[in-house]
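[1] Show me the folded form of this:
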Amino acid sequence: MRVFFRSLLLLLGFFSVQIEADEKEANRAGWGTPSQSSVDYYCYAQNALDRDPYTITHSLTESNPWWKLDLLKVYTVNRVVITNRLLDICCSDRINGAEIRVGNIPTDVFSNPICAVVSSIPSGASQSYSCNRMAGQYVFVVIPGNDKILTLAEVEIYVVYPDNLAAGGIVTQSSTYDSWIAEWAIDFNPGFFPQPPLACSSTNTQTNPWWRLDLGQIYRVSKVVVTNRLDCCPEQINGAEIHIGNSLDNNGNNNLVCAVISSIPAGGSSTYACNGMEGRYVNLIIPGDSKILTLCEVEVYGEGNLAAGGIVTQSSTHDSWIAEQAIDFNPGFTQPSSACSSTNIQTNPWWRLDLRDTYRVSKVVVTNRLDCCPERINGAEIHIGNSLDNNGNNNPKCAEISSIPAGGSSTYACNGMEGRYVNLIIPGDLRILTLCEVEVYAEGLIQIC
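    Reported below is the predicted structural model:
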């Protein structure tokens, strides 16, 4: 269903999205506020965002003419696409030498870092410039020098959402007004252009309207970002509560409250700190009668146990103590054979988790067996990386386990080590590796080219 809605948006041309290793990229240009250093021939700054290459922006002849887009908040800018003026107008070489700058300083263009320099763009053609995830609220196009004119036919600014957990979730709501379906709140388009019904969710008028996001597994949620509608009625969001937890009692609305939204300006985004609240479900609900819940975008950030979605193997298997039992959310204290993994007695026994993609691993949590033999874990090494040489055991070491009490769990900081594979290995002869639970927490997905 989610693929269908994204395809529909692409066909309508209202926003662009690319999916690369679960990282989403969206054209943010149409949602921001444009301006320019001067205006000539009624060629205003917003002409670069109207998706019509026949309308252009045009500055006066001046020193350092610039065009600026305020993205309204800080984004990670992946690339900028510039379309030059058409051949039948003239002067396609005026774009030569233009600089694309991304940053957070609105009043001094040259204080913002350079993303790219435009050498030339043929008349009517479009050129894409990689900004490699530069962070900033403002994107400038400026031509340095005296007696310059800046003309732009179109500008597209693609931002990425590398850590937004909402991207992979399943959504529902208490009721649906017209075509304002629940999925529009996580479509990477806040619905400012061209019309909110194509990009915002909304319930009918009802008692206690709610919207729910199923993250698919339990996460420690650090923050939730909510974007309000721009066209009208911003006060409708007032009093909305954000709930996070694992229960579906009362449709998830009985879970703990992260925050209460007092108000959000029209078209604005507000961030609510949830301080690591654990939960699979994120609900927004407005308590009261005759209420409407409209959401133009919901973003959820945090960290989760990535082991749950991984593929595991080990160097050997003792009896029924299979590798998968180390990631089954059951530490196996009463019956370890049915909930812990274990190798046979061997040289250098190992266990490996394939995260399926490369992540920045923040920490690994290991739970030791309770019934006996806690000392067997002593000396185990945790390795993280992208190589399968020596079954992944040659990857860089995150930590060495000195000891873990029987039935205890210990956390090992890996400080953002990058890798797809997480290995535990005990070097030496006549060793046994037993794991009752392994949890892997990561900060974000990494795109490997």
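[2] List the buried residues for stretch 387-403?
    391-393, 395, 397-399, 401 (16 or more other C-beta atoms under 10 Å). Quick note: C-beta positions are derived from backbone N, CA and C, even for glycine.
[3] Just the closest of those residues to residue 290, please.
    Within the buried residues of stretch 387-403, the smallest distance to residue 290 is 54.5 Å, found for residue 398 (C-beta to C-beta).
[4] ok so, going back, just checking, which of the buried residues of stretch 387-403 belong to strands?
    397-399 (DSSP state E).
[5] Any chance of those residues in a markdown table with pLDDT and distance to residue 230 as columns?
    Formatted as a markdown table, these follow (pLDDT from 0 to 100; distance: C-beta to C-beta, whole Å):
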| residue | pLDDT | distance to residue 230 |
| --- | --- | --- |
| 397 | 97 | 51 |
| 398 | 97 | 45 |
| 399 | 97 | 48 |
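[6] Dump the residues you listed to TSV, plus distance to residue 93.
    Shown next, in TSV, are those (distance: C-beta to C-beta, whole Å):
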residue	distance to residue 93
397	55
398	54
399	58
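[7] Residue 288: which of those is nearest?
    For those, the nearest to residue 288 is residue 398 (49.5 Å; C-beta to C-beta).
[8] Next one: that closest one from residue 260, what distance?
    Distance of residue 398 to residue 260, computed by C-beta to C-beta, to the nearest Å: 39 Å.
[9] wait, what's in contact with residue 327?
    Shown in contact with residue 327 (C-beta atoms under 8 Å, 6 or more residues apart in numbering): 307-308, 310, 312, 353, 437-438.
[10] What separation is there between it and residue 367?
    11 Å.
[11] what touches both of these two?
    437-438.
[12] now the stretch 101-250 of the chain, which segments are flagged as low pLDDT?
    161-162, 168, 192-198 (pLDDT under 70).
[13] From the contacts of residue 327, keep the buried residues only.
    For these, buried by 16+ other C-beta under 10 Å: 307, 310, 312, 353, 437-438.
[14] a markdown table for those, including distance to residue 413?
    Converted to a markdown table, the buried ones among the contacts of residue 327 look like this (distance: C-beta to C-beta, whole Å):
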| residue | distance to residue 413 |
| --- | --- |
| 307 | 17 |
| 310 | 20 |
| 312 | 22 |
| 353 | 17 |
| 437 | 18 |
| 438 | 15 |
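[15] Tell me the one of those nearest residue 409?
    residue 437 (7.2 Å).
[16] Just the pLDDT for that closest one.
    We have a pLDDT of 94 for residue 437.
[17] Report the beta-bridge partners for the nearest residue to it once chain neighbours are set aside.
    Once flanking residues are discounted, residue 437 sits nearest to residue 367: 3.8 Å by C-beta to C-beta, 6 or more residues apart in numbering. Per DSSP bridges, the residues bridged to residue 367 are residue 409, residue 437.
[18] List the contacts of residue 367.
    Contacts of residue 367 by C-beta under 8 Å, 6+ apart are 331, 404, 407-409, 435-438.
[19] Tabulate those residues (TSV), appending distance to residue 191.
    Below are the contacts of residue 367 laid out as TSV (distance: C-beta to C-beta, whole Å):
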residue	distance to residue 191
331	45
404	50
407	51
408	49
409	44
435	47
436	47
437	42
438	41
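[20] ok, of the residues you listed, which one's closest to residue 44?
    residue 438 (57.6 Å).
[21] Would you map the helices across the protein?
    Assigned by DSSP state H, the helices in the chain fall at 2-12.
[22] Need the phi and psi values for residue 371.
    phi -70, psi -30 (degrees, to the nearest 10).
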